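>>> Sequence and predicted structure, then a few things I'm wondering about:
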Amino acid sequence: MTDIEERVRRIEDQLAIYQVVSRYGPAADAGATQAAVDLWQAEGSYEVDGVGSFTGQDEIAGLLESELHQNYIHQGSAHLLSFPHVMLNGDKATAINYAQLALCTKDGFRTIRIVASRWELVRTKQGWQVASRTNVLLDGSQAGRDLLKRGLRV
Amino acid sequence: MTDIEERVRRIEDQLAIYQVVSRYGPAADAGATQAAVDLWQAEGSYEVDGVGSFTGQDEIAGLLESELHQNYIHQGSAHLLSFPHVMLNGDKATAINYAQLALCTKDGFRTIRIVASRWELVRTKQGWQVASRTNVLLDGSQAGRDLLKRGLRV
Amino acid sequence: MTDIEERVRRIEDQLAIYQVVSRYGPAADAGATQAAVDLWQAEGSYEVDGVGSFTGQDEIAGLLESELHQNYIHQGSAHLLSFPHVMLNGDKATAINYAQLALCTKDGFRTIRIVASRWELVRTKQGWQVASRTNVLLDGSQAGRDLLKRGLRV
């Protein structure tokens, strides 16, 4: 590759990762389980603080089809993901961002959870996919600060 | 165009759409009606769930000059738009994201609305502009999930 | 530079500024004071409405090490920064966005502040850095609307 091709490819990588992260919330809130699950590799994992650990697309689909999640989306939910900070490393990447879960109530929307989220992504034949995503609740415990520090490489 | 020019143009398109979406909130909260309205084509439309349907820049300006909106910004408002998921298709594009309306109260900020938003954009001589924007309240009804599904093409 | 190099460089500038802005929240919430402070130039400034004016990396570090900020992160805090609207101007740039401070409580998360934020950035040998950041509380006063208008160049 020429230098300019290399630079364009890095830019495309960054934007492709933005596209992965920005697709999760709408897919989750739409009840579009397959679209959400397709963001992961077949053997990918999703660790959700206080909820459980899910390995492989079937288990992640199970989370999104669970009574817990289905109740959220039928009450009215918004999985608000902040734009990520991305660290590219060849065919791998780490992204960190925040995910906020807001629910519709009679008196406006209420944010019941905010997590720090670390995404480990890999370049595959299908484009960038999630190898693992880890959410830690920002409840003041050390675990949230550690996840963010590791994500920032500090 | 060479292959590399084509790729750079697609990247510029994606970033230009980010710039459109990220300009709406500040313009709305600043009371900069013209800056907000200029994001749309002259004949563009804006459908706001529970508020009304507005066609053409004059009607959209009317919404932003309405007592409802002016009361929001003088109370203290934040139109928080999430970074969009963008699907480019030549000279057209669809973007989906969330828009949250938070208002300043004596006791912190309160989120009174969260909508799913679908943007239909077109490339014009003035750059990317909004042909139509549709907001559906995420109150648990099917309409919100349908808007997101259509936006995701699933 | 060729035309295509110039275009690629502008794209890289925009993404580099996204990376600066998206790094602040995680660094602040992680208690990674040095990582946060390194976003600024040595002599950079940070004006925080209702809190104070901080000039130079040492003073900004002092803010992040203050009892106020440390109490936030040990209670559980999320500094949620929206994706910015960026105006490039050669080796300088202005970005505007929103920053929301949400705190963990027994009853979900509560947003205690939302500010409009204007970032003045400069290209340095270390990449894009913050020359000044100014936060104005969106409490309905004219100052918030003025900051946004200036940021939008309207």
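Right, received. Where do you want to start?

>>> Do a quick rundown of the strands in chain A.
Residue ranges of the strands in chain A, as given by DSSP state E, are A:40-48, A:52-55, A:77-81, A:85-89, A:92-105, A:108-124, A:127-137.

>>> Ok, which of these comes nearest B:S132?
strand A:77-81 (21.5 Å; Cβ to Cβ). C-beta coordinates here come from the backbone N, C-alpha and C atoms, glycine included.

>>> Let me know the angle separating that closest one from strand C:77-81.
Computed with axes from the mean of the first three to the mean of the last three Cα atoms, to 10 degrees, the direction of strand A:77-81 lies at 80 degrees from that of strand C:77-81.

>>> in its sheet, what does strand A:77-81 sit against?
Paired neighbours of strand A:77-81 in the sheet (DSSP bridges): strand A:92-105 (antiparallel).

>>> if we can go back for a sec, tell me the most buried of the strands of chain A?
Mean neighbours per residue, mean count of other Cβ atoms under 10 Å in any protein chain shown, is largest over these for strand A:77-81, with a mean of 23.

>>> got a list of contacts for it?
A:21-22, A:24-25, A:28-29, A:97-104, A:109, A:117, B:82, B:98, B:100, B:114, B:116, B:138, B:140 (Cβ atoms under 8 Å, 6 or more residues apart in numbering or on different chains).

>>> can you rerun that using 7 Å?
A:21-22, A:24-25, A:28-29, A:97, A:99-103, B:82, B:98, B:100, B:114, B:138 (Cβ atoms under 7 Å, 6 or more residues apart in numbering or on different chains).

>>> is chain B contacted by the biggest helix by length in chain A?
Longest helix in chain A by number of residues (criterion: DSSP state H): helix A:3-30. Yes. Part of helix A:3-30 sits close enough to chain B to count as contact by Cβ under 7 Å from any Cβ of the partner chain, namely A:4-5, A:8, A:11-12, A:15, A:18-19, A:22-23, A:25-27, A:29-30.

>>> Give me the average confidence score over that helix.
The predicted model assigns helix A:3-30 a mean pLDDT of 98.

>>> Only the buried residues of it, if you could.
Neighbour counts over helix A:3-30 (16 or more other Cβ atoms under 10 Å in any protein chain shown) mark A:7-8, A:11-30 as buried.

>>> before we move on, back to that, with mean pLDDT added, can I get the strands of chain A in JSON lines?
Compiled in JSON lines, these are given as follows (pLDDT from 0 to 100):
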{"stretch": "strand A:40-48", "mean pLDDT": "98"}
{"stretch": "strand A:52-55", "mean pLDDT": "98"}
{"stretch": "strand A:77-81", "mean pLDDT": "98"}
{"stretch": "strand A:85-89", "mean pLDDT": "98"}
{"stretch": "strand A:92-105", "mean pLDDT": "98"}
{"stretch": "strand A:108-124", "mean pLDDT": "98"}
{"stretch": "strand A:127-137", "mean pLDDT": "98"}
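
>>> Of all these, which one is nearest B:H74?
B:H74 lies closest to strand A:108-124 among the strands of chain A, at 19.2 Å (Cβ to Cβ).

>>> what packs against the closest one?
On a contact count with 3 or more Cβ pairs under 7 Å, 6 or more residues apart in numbering or on different chains; DSSP states H and E, strand A:108-124 meets helix A:3-30, strand A:92-105, strand A:127-137, helix A:142-152, strand B:108-124, strand C:108-124.

>>> Looking at those, spot the one closest to A:G44.
If you check each of the helices and strands packed on strand A:108-124 against A:G44 by Cβ to Cβ, strand A:127-137 wins as the nearest, at 5.2 Å.

>>> Contacts for that closest one, please.
Applying Cβ under 7 Å, 6+ apart, the external contacts of strand A:127-137 come out as A:13, A:16-17, A:20, A:39-41, A:44-50, A:99, A:113, A:115-122, A:143-144, A:147.

>>> The same query, at a cut-off of 8 Å, please.
Counting contacts by Cβ under 8 Å, 6+ apart, the residues touching strand A:127-137 from outside are A:13, A:16-17, A:20, A:39-41, A:44-50, A:93, A:99, A:113-122, A:143-144, A:147, C:76, C:104.
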